[in-house]
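*Asks:* Curious how this folds, go ahead:
(chains A and B)
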Amino acid sequence: MKDYIDSGALEVFVMGCATDEEVQELMYMKAKYPEVNEALKQLEIDMEKMAQNAAIMPPPGTWNKIEDEINDLILREERQNKPVQFRTSDNGYNGQPKAPAADQYIEVEGASSHMRLHKAWRYVFAAIFVLGKIFLGFAIYFYLENRQAQEQLKELKTEVKELRR
Amino acid sequence: MNTQWQTSDSMSQSKLLAVSTLYNNYAAKLFGYIFEVVKNQSVAEQYLVAVFNDVPNEIDDFLKTGVNALCRLQMMARKKLSQFFETLDNETDRQAWQNIQPSVNNKYVAMMDPLQRQVFYAVHYQCKTTVQVATELSRSNEEIRRILKECFTIIRNGRDNERLHR
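*Replies:* A predicted model of the protein is given here:
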């Protein structure tokens, strides 16, 4: 056991460059011999001291970047893990009246370029089409009437001029 | 169903809290370590963010009894930093970076002799294995491990002296 501690295996582990086999061996030795565990703890304290001596405060705002990123990851995970709910009745779960979930949202912009409408809208569109035709008919009728009236007015003016002479 | 969501929500919050605690306790130490490797504040910050972003995925490892959080974080940083060495484009860049003299700002490193410093620096900051260092220095792996052990003895004596002088 002393030979193992003296071999430098603990130092290599603490510095993070031990192979998988060395890590396995160390876990076994650590569990079996309290001295190995104690030696390892001392080395970890040494590493902490070493790190403390070289510590530099990270730039302000670094934690915000980490927090934002983690929150994004959590949200993404939750969306992926959330099961699809099928509606079985007009009431909610256990017959309770439905209440909108706080985190439910409506997709405003769909991926499809097509639009789906309720069938009742066809009567509205038909009515708009028929009314459009009627207004067009009226427009043409009044245009022709107006043109005819203008021509008659012109003729009357000509007649009045001739009578004055 | 709602209870499940609430449970997952509170788990997420507890994960975030755990990461925040780790950040408060170890960010400066880890940033100092990463900065010593990459020698650039902005790059070091990016690595620090990347390491802490991975913590929620490995939070169970941190919660195991007997796990030293700083050592675990340093191991995660080492894995990420191995990519840094891959980004050094050509052999000239790599050589130039390797020729940077070990920092003696660290009082423990300053107490080491040049060979000890070289070995410690190569393993700790250049993320090399003892086998790689042994090959580079034409020495045996056992010899490199013995030198590493000497380095830790120096650090231990340094911290013991500090305790005595308090």
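*Asks:* how about the helices in chain B?
*Replies:* Using DSSP state H, the helices found in chain B span residues B:2-38, B:41-54, B:59-63, B:69-87, B:91-98, B:107-110, B:114-124, B:130-136, B:141-165.
*Asks:* Adding distance to chain A, write those out as a markdown table.
*Replies:* All C-beta atoms are positioned from the backbone trio N, CA, C, and that covers glycine. A markdown table is the format used below for the helices of chain B (distance: least, Cβ to the nearest Cβ, whole Å):
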| stretch | distance to chain A |
| --- | --- |
| helix B:2-38 | 4 |
| helix B:41-54 | 5 |
| helix B:59-63 | 11 |
| helix B:69-87 | 4 |
| helix B:91-98 | 17 |
| helix B:107-110 | 5 |
| helix B:114-124 | 5 |
| helix B:130-136 | 6 |
| helix B:141-165 | 3 |
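*Asks:* For the ones you listed, which has the smallest mean pLDDT value?
*Replies:* Between the helices of chain B, the one with the least mean pLDDT is helix B:91-98; it has a mean of 61.
*Asks:* List the contacts of stretch B:142-152.
*Replies:* Residues lying outside stretch B:142-152 but in contact with it, judged by Cβ atoms under 8 Å, 6 or more residues apart in numbering or on different chains, are A:6-9, A:11-12, A:15, A:43, A:46, B:112, B:115-116, B:119-120, B:123, B:130, B:133-134, B:137.
*Asks:* burial count for residue 139?
*Replies:* Answering for chain A, as no chain was given. 10 (other Cβ atoms under 10 Å in any protein chain shown).
*Asks:* that answer is for a different chain, and I need it for chain B
*Replies:* Residue B:139 is surrounded by 16 other residues when neighbours are defined as other Cβ under 10 Å.
*Asks:* can you check residue B:140 too?
*Replies:* Neighbours of residue B:140 under the rule other Cβ under 10 Å: 12.
*Asks:* Show me how chain A divides into domains.
*Replies:* Residue ranges of the domains in chain A are recorded as A:2-54, A:119-165, according to automatic domain parsing.
*Asks:* Pipe these into TSV and attach distance to residue B:74 and mean pLDDT per row.
*Replies:* Written out in TSV, the entries for these read as follows (distance: least, Cβ to Cβ, whole Å; pLDDT from 0 to 100):
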stretch	distance to residue B:74	mean pLDDT
domain A:2-54	6	88
domain A:119-165	65	94
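*Asks:* Just name the most buried of the ones you listed.
*Replies:* Of these, the one with the most neighbours on average (mean count of other Cβ atoms under 10 Å in any protein chain shown) is domain A:2-54, at a mean of 17.
*Asks:* can you tell me which residues contact residue A:50?
*Replies:* The neighbourhood of residue A:50, defined by Cβ under 8 Å, 6+ apart, consists of B:106, B:108, B:155.
*Asks:* Which helix or strand lies directly C-terminal to whichever strand or helix holds it?
*Replies:* Take DSSP states H and E as the rule and residue A:50 turns out to sit in helix A:34-53. Counting by DSSP H and E, the element after helix A:34-53 in chain order, helix or strand, is helix A:62-81.
*Asks:* Buried residues, that next one. List them.
*Replies:* Neighbour-count burial for helix A:62-81 flags A:62, A:63, A:65, A:66, A:70, A:73, A:74 (criterion: 16 or more other Cβ atoms under 10 Å in any protein chain shown).
*Asks:* near chain B at all, it?
*Replies:* Yes. Part of helix A:62-81 sits near chain B under the criterion Cβ under 8 Å from any Cβ of the partner chain, namely A:62-63, A:65-67, A:69-71, A:73-74, A:77-78, A:81.
*Asks:* quick one, phi/psi of residue A:8?
*Replies:* Here is the backbone geometry of residue A:8 (degrees, to the nearest 10): phi 90, psi 0.
*Asks:* can you check residue A:58 too?
*Replies:* Listed backbone geometry of residue A:58 is phi -60, psi 160, with angles given as degrees, to the nearest 10.
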